[in-house]
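# here's a sequence, model it:
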Amino acid sequence: MRLIILCLAALLVLIQYPLWLGKGGWLRVWDLDHQVTEAERKNDELRARNAKLASEVQDLKEGTGAVEERARYELGMIKENEIFVQIIDPNRKSTFVAIPPPPVKDDKKKKN
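Sure thing, here's the model as predicted:
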């Protein structure tokens, strides 16, 4: 009787192995489900970015507002009869780096 129970238990374990750890087992399905979820999240982010870029392209093609905005902020352009006012925060550190002028070459020393 003990031998039959041991054989049945061994068969049960052998049957369960492919279900849990096999090619189409639960662990593989769980892993693939997480990969699909991550891919869908990334695709949603990329769709949102593409929609934003598409609307910006359409705005640049159709309207002058976006072109004017880019010219103002990126190129520092202003319209005629406008006054440019720049307010500098005294607490903010400057991001500009002073570059020393190049050394002056003295041609007189070379001639003598």
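
# next, count neighbours for H34.
10 (other C-beta atoms under 10 Å). C-betas here are computed from N, CA, C, even on glycine.

# what helices and strands are in contact with the helix or strand harbouring it?
H34 is part of helix 26-62, with elements assigned from DSSP states H and E. Packing contacts for helix 26-62, counted by 3 or more C-beta pairs under 8 Å, 6 or more residues apart in numbering; DSSP states H and E, involve helix 2-21, helix 65-75.

# least reliable of these by average pLDDT, please.
Mean pLDDT is lowest for helix 65-75 out of the helices and strands packed on helix 26-62, coming in at a mean of 78.

# that helix to helix 26-62, inter-axis angle?
Comparing the axes of helix 65-75 and helix 26-62 via axes from the mean of the first three to the mean of the last three C-alpha atoms, to 10 degrees yields an angle of 100 degrees.

# measure V36 to L75 for me?
To L75, V36 is 45 Å away according to C-beta to C-beta, to the nearest Å.

# can you check C7 too?
C7 is 83 Å from L75, by C-beta to C-beta.

# three-state assignment of K79?
Secondary structure, DSSP: H, G, I helix; E, B strand; the rest coil: K79 is coil.

# and it, how many neighbours?
Counted with other C-beta under 10 Å, K79 comes out at 8.

# and if you look at R72?
So R72, with other C-beta under 10 Å, has 14 neighbours.

# understood, closing this out.
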